[in-house]
Structure formats: structure tokens, C-alpha cells
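Q: Here is my input, please return the structure:
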Amino acid sequence: MADQNKAVRENVEGEFFVDSTCIDCDTCRQLAPSVFADAGKYSFVQVQPSSSSEEREALRALLSCPTGSIGTRSKCSSEAALADFPLRVDENVFYCGFNSRKSYGGNSYFIEDASGNWLMDSPRYSRHLIEQFEARGGLKYVFLSHQDDVADADRYALHFGAQRIIHRRDLSAMPDCEIIVESYDEAHFDDVLIIPTPGHTAGHMVALYNNRYLFTGDHLYLSRITGQPGAHRDYCWYSWTEQTASMKRLLDYDFEWILPGHGDRGYLPWPRMKKEMIELVDQMSNSTYGKVATP
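A: Below is the predicted model:
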């Protein structure tokens, strides 16, 4: 629970505040960009909500904050915002919320599919999400893009009898996973195509759903500033050369949505997405690309 006595000095006066336990994961800035901003090493309230919709967004951010660093100065009901989760992104694809500190606030997603539901990376364990997933038919698979964002995947898998999927090279993060991808070849699971993309980690993978939605882990994101695809060079733990090659591999696939673990998600029409991805691969080959992280 956020502590008013630890509120950061940059907060504007009013109902919402961020305290000094913030880890600068960006969750609140994704969910309520008009309310929260980046102070460099933590978030702060730049503008108090001025409408019911902005307040609803701020409350979603409060619920999703992995460190409980967002608070309100008076008792404020979050029931309506809680009912929004999982939050629809598009059609049958949802953002889970309830980001986990174990994955540094990484995003996770839910796919409601007739052939079986998917959890894409893991949120923190939440009774609310459990109930929502149960109402939608449970979980068949839990896709783990890489070792950093497994969070509470084991608890969700156990509850639903779901099969977790991870690459052999990142297996140490959750050694008892039911399905292990052994090679760097693509793998088909119902309507999901899993594509190994080593670079951020040795066993990083992305997942393409219905040739439209790409769940990208920490491989690829959309820039909040430019609206263009980008890659986190400052947070490449294994090999930037491999990550560049993996990004080039994605030029062989069609998708219109980028749904990352860290960074902004969003949609670009296929022709523009293809053009932007070609330009990104070219830029990543430049030794100066991404030396300063772009939000």
C-alpha cells in the first residue's frame, strides 16, 4: 500500500500520488499516460485526473502497479476499475493487469480462443484474474517468452492444469515447465505460432496469434514518442547481434499488433508495420542505435 509520507516531491497536489517505492517499470504511464509521467528513476503524478475516464485509468494503474506505489489520499472505490480486468486490447485479446514485481512490472496478456485459452507471460497471482479466467473457460497454455517474466506462471498452471511453454535456454527460470522448446525452429500450437528470437536472452521467444497479434516479450515494443517499433538495446542481456538477426527473421511474418512485456503496445496497419520493421532492422545494424533507452 502506498504511503503518503513517502510521496515523491514531483507529484502535483491532489488525490493521487506515487511514493518512493516506485521501481520505474512504466506500467502506470502505459495505462494512464495523461496522469503519470517519468521523473527519471520513478513515476509521478503530473496532472490529477480531470474526468471520470482519466480517474478510471488512474485506478487501473493503481491496481496494476507491481509495487503498490500508487495511492489516493482519501478512500476511493476501485471496484469499477477492477471489473475492467482483463482489459480488452482488441477482439479476443486482453491485457491482464496486476503486473508482478518478480518480472519488473512486465505486461501479460490473455487470449480467449475456442481451441483453448492462453496466458502470455504471467501477471502476479490474483484471485480476481483466476475468477475471470475460470468464467472464460480456464487456461490451456501459459506461454513464457523468456526467463525474466515467468512471475507466478507456476501457480496459474497448477490451478488450471495448463501447460507452460518455455525455451530450453531459459528453462532455469522455471525448470518444471511442461513443454520445452528445444530448437530455434518455429513451433505450432493450435492458433499460435511460437518463433524463437534469441537476443534479449538466449532462449527468448515471441508468439504470433492468428497472423495478427505478436506477443513480443522484451524483444520488440512500440515507442510512445514516435509510434514506431523499437528494441531495448540497453536491456539486451545476451547478444545484440543475435537480437538484430532475430528481428530480421520477423520480416518473414505478417502482424499488425505489437504486445510487449515492457514498453508500449499498439496497432499499425500491415503495410506500415512491414515498412517500419524493415527500417528498424536497418537501424539496429547501426552501432549507435539505442544507446540511450527510448520509452
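Q: residue contacts, residue 99?
A: Taking C-beta atoms under 8 Å, 6 or more residues apart in numbering, we find residue 99 in contact with 25, 27, 64-66, 105-108, 123-124. Every C-beta, even on glycine, is put in place using the N, C-alpha and C of the backbone.
Q: Please repeat the previous calculation with a cut-off of 7 Å.
A: Taking C-beta atoms under 7 Å, 6 or more residues apart in numbering, we find residue 99 in contact with 25, 27, 64, 66, 105-107, 123-124.
Q: for residue 163, same thing?
A: 141, 178-179.
Q: So for it, what pLDDT did the model give?
A: Listed pLDDT for residue 163 reads 98.
Q: can you check residue 18 too?
A: pLDDT, residue 18: 98.
Q: Backbone dihedrals for it, please?
A: phi -120, psi 140 (degrees, to the nearest 10).
Q: Check which helices and strands the helix ranked longest in the chain is in contact with.
A: Identified as the longest helix of the chain according to DSSP state H is helix 270-284. On a contact count with 3 or more C-beta pairs under 7 Å, 6 or more residues apart in numbering; DSSP states H and E, helix 270-284 meets strand 229-230, helix 240-249.
Q: Show me which of these has the highest average neighbour count.
A: strand 229-230 (a mean of 25; mean count of other C-beta atoms under 10 Å).
Q: Need the contact partners of it.
A: For strand 229-230, contacts defined as C-beta under 7 Å, 6+ apart pick out 220-223, 258, 276-277, 280, 294.
Q: ok, now with 8 Å
A: Contacts of strand 229-230 (C-beta under 8 Å, 6+ apart): 220-223, 258, 263, 268, 273, 276-277, 280, 290, 294.
Q: and if you look at stretch 179-197?
A: 111, 113, 115-116, 118, 140-141, 143, 163-168, 171, 198, 203-210, 217, 219, 243, 246-247, 249-250, 253.
Q: And stretch 48-68, by the same measure?
A: 1-2, 12-16, 21-23, 25, 27-28, 31-32, 34-36, 70-72, 76, 78, 80-82, 84-85, 87, 97-101, 103-105, 124.
Q: Could you give me the ChimeraX selection string for whichever of the residues you listed are buried?
A: Here is the ChimeraX selection string for the buried members of those, based on 16 or more other C-beta atoms under 10 Å:
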select :2,16,21,22,23,25,27,28,31,32,35,36,70,71,72,81,84,85,97,98,99,100,101,103,104,105,124
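Q: you'd agree residue 55 is in a helix?
A: Yes - counting by DSSP: H, G, I helix; E, B strand; the rest coil, residue 55 is located in a helix.
Q: From residue 1, how far out is it?
A: Using C-beta to C-beta, to the nearest Å, residue 55 is found at 19 Å from residue 1.
Q: where does this structure have low pLDDT?
A: Applying pLDDT under 70 to the chain flags the ranges 291-295.
Q: Which residue ranges make up each domain of it?
A: 4-74, 85-284 (automatic domain parsing).
Q: In this structure residue 70 contacts residue 28, no?
A: Yes - counting by C-beta atoms under 8 Å, residue 28 is a contact partner of residue 70 at 6.1 Å.
Q: residues shared between the contacts of these two?
A: Overlap of the contact sets of residue 70 and residue 28 (by C-beta under 8 Å, 6+ apart) consists of 18, 58, 61-62.
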